[in-house]
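[1] structure of the sequence below:
(one chain, ligands or ions: 1)
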Amino acid sequence: MSQSREVIAAVDIGGTKIAVGLVDRDGHILEREAGPSQPDRDLEDGLLRIQSMLRACQQRRPEAIVQGVGIGCTGPVDPETGVLGPNSFLPLWEGQAMRARVESLFGLPAAIENDADAAALGESAWGAGRGAARFLYVTVSTGIGCGVVLDGRLYRGVEGAHPEMGHHVIDSSGGPPCFCGARGCWESLASGPALANWFLSTAIERGLPAPAGLTAREICQMAVNGDPLAGEAVRREAFYLGTGLANLITLFTPDVIALGGGLMDSWPLFEEGVRAVIRQNSGLVPYQKTRLLPASLGSRTGLAGAAQVWFHRFGG
Ligand SMILES: [Zn+2]
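    Here you go, the predicted structure:
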């Protein structure tokens, strides 16, 4: 393709990886580059790496005209001021005015959101939430992140705060403590590490072999192969995943909930158990009408979401 083409420079900042790409108005990723996050380095160093990755993308697409920079970033972000909150993955970036620095470095308008909100916007525009007026995105991996998009607009709390639905409390008396301060929040019971920790501690309790370092994904595979304790871990996961989803259905009665994140690659293992809990718990709302769908952008989620952050703020 040789004619000029308007694109967004998308930046997806995660705990382990920073990805940069050129994304067009239809959510197609034309070029991408990625490198390690390097948490021991400061924001200025990160920006220079982002700039050089972006330059490499642009060199391969000389016809692309970059309109602006859209950013999805791990951890709390103030979308209005563009300042990063406390960030356990990138401690030296905390308190930095990321959006302003990007705008002055690139000379382009920039927009920034928390990565779960960015993914929610991407899925809402181009993925599983397309056409859904009331849309929730839930990602289940090392944590549980959520974003709410109503009539194409991201739901925000007071002063732009990102609601932390992944930390709503499910079992305040018996659940494990979480860094959020609560006991038995959804993430502490149903994230990938929660599944793996339960498997490990229960195996030790019962005197069963408990290889350290087993991941949730490996435990799901063991369940498929007939391991009884792994099967129990999967049923427990389905119960807590379903309890949280039933709560969201009762609270929001959305059209669609899209499920993303690494653990949802094993969704078929959990689906029946999840639906049983929803039937049991969400009887006062038309839960049958809420469609639970796998997120559909896959490896495009981060960059497409970051580009949609820009479109969401600046339109076009
Ligand atoms: Zn928590």
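
[2] from now on I want contacts and neighbour counts done on CA atoms only, so please keep to that.
    OK.

[3] all helices for this structure, in order.
    Secondary structure of the chain (DSSP state H): helices at 43-60, 98-106, 115-126, 186-190, 192-205, 216-224, 228-252, 267-281, 301-314.

[4] can you say which of those helices is nearest to the ion?
    The ion sits nearest to helix 186-190 of all the helices of the chain, at 5.6 Å, using C-alpha to the ion.

[5] please state the offset of the closest one from the chain centre?
    15 Å (C-alpha atoms, centre = their mean, to the nearest Å).

[6] is it correct that Met53 is in contact with Leu22?
    No: Met53 lies out of contact with Leu22 (C-alpha atoms under 8 Å); the separation is 10.6 Å.

[7] neighbour-wise, which of these two wins?
    For Met53 versus Leu22, the count of surrounding residues by other C-alpha atoms under 10 Å is larger for Leu22: 28 against 20.

[8] for that one, what are its contacts?
    Contacts for Leu22 were tallied using C-alpha atoms under 8 Å, 6 or more residues apart in numbering; they are Val7, Ile8, Ala9, Ala10, Ile29, Leu30, Glu31, Arg32, Cys57, Gln58, Val66.

[9] against the ion, how distant is it?
    To the ion, Leu22 is 34 Å away according to C-alpha to the ion, to the nearest Å.

[10] coming back round to it: so which of the contacts of Leu22 is the most crowded?
    That'd be Ala10 among the contacts of Leu22, by other C-alpha under 10 Å, with 32 neighbours.

[11] which positions in stretch 103-117 come out as buried?
    By 16 or more other C-alpha atoms under 10 Å, the buried positions in stretch 103-117 come out as Pro109, Ala110, Ala111, Ile112, Glu113, Asn114, Asp115, Ala116, Asp117.

[12] and if you look at stretch 281-296?
    Applying 16+ other C-alpha under 10 Å to stretch 281-296 flags Asn281, Ser282, Tyr287, Thr290, Arg291, Leu292, Pro294, Ala295, Ser296 as buried.

[13] nearest to Asp40 among those?
    Proximity of the buried residues of stretch 281-296 to Asp40 was ranked by C-alpha to C-alpha; the top entry is Ala295 with 32.3 Å.

[14] does the closest one really touch Trp126, like I thought?
    No: using C-alpha under 8 Å, Ala295 is not in contact with Trp126; the gap is 10.4 Å.

[15] what does the stretch 51-200 of the chain put close to the ion?
    Within the stretch 51-200 of the chain, the positions adjacent to the ion are His167, Cys178, Cys180, Cys185 by C-alpha under 5 Å from the ion.

[16] how about the buried residues of stretch 281-296, which pair is most distant?
    Asn281 and Ser296 (27.0 Å).

[17] of the residues of the stretch 51-200 of the chain next to the ion, buried ones?
    His167, Cys185.

[18] shaky segments in the stretch 201-316 of the chain?
    Applying pLDDT under 70 to the stretch 201-316 of the chain flags residues 316.

[19] again, 90 this time
    209-213, 298-299, 315-316 (pLDDT under 90).

[20] count the residues that sit near Asp45.
    The burial count for Asp45: 11, using other C-alpha under 10 Å.

[21] how far away is it from Cys220?
    Distance of Asp45 to Cys220, given as C-alpha to C-alpha, to the nearest Å: 39 Å.

[22] that older thread, want to throw the buried residues of stretch 281-296 into TSV with distance to Trp93?
    Converted to TSV, these look like this (distance: C-alpha to C-alpha, whole Å):
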residue	distance to Trp93
Asn281	42
Ser282	41
Tyr287	42
Thr290	39
Arg291	38
Leu292	36
Pro294	33
Ala295	30
Ser296	31
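
[23] those in strands, which ones?
    Arg291, Leu292, Pro294 (DSSP state E).

[24] surely the first one touches Val256?
    Think Arg291. Yes: Arg291 is within contact range of Val256, at 4.7 Å (criterion: C-alpha under 8 Å).

[25] most distant residue from the centre of the protein?
    Gly207 (36.0 Å; C-alpha atoms, centre = their mean).

[26] that residue and Tyr240: what is the separation?
    25 Å.

[27] again, but for Ile112
    31 Å.

[28] per-residue pLDDT, the residue nearest in space to the middle of the chain?
    Centroid-nearest residue in the chain, with C-alpha atoms, centre = their mean: Ala116, separated by 3.7 Å. On pLDDT, Ala116 comes in at 92.

[29] list the contacts of it.
    Ala116 neighbours (C-alpha under 8 Å, 6+ apart): Gly72, Thr74, Tyr137, Val138, Thr139, Gly145, Cys146, Gly147.

[30] so how many other residues sit close to the closest residue in space to Asp151 that isn't next to it in sequence?
    Residue nearest to Asp151 in three dimensions, not counting chain neighbours: Ala133, with 4.6 Å by C-alpha to C-alpha, 6 or more residues apart in numbering. Neighbour count for Ala133, taken as other C-alpha under 10 Å: 16.
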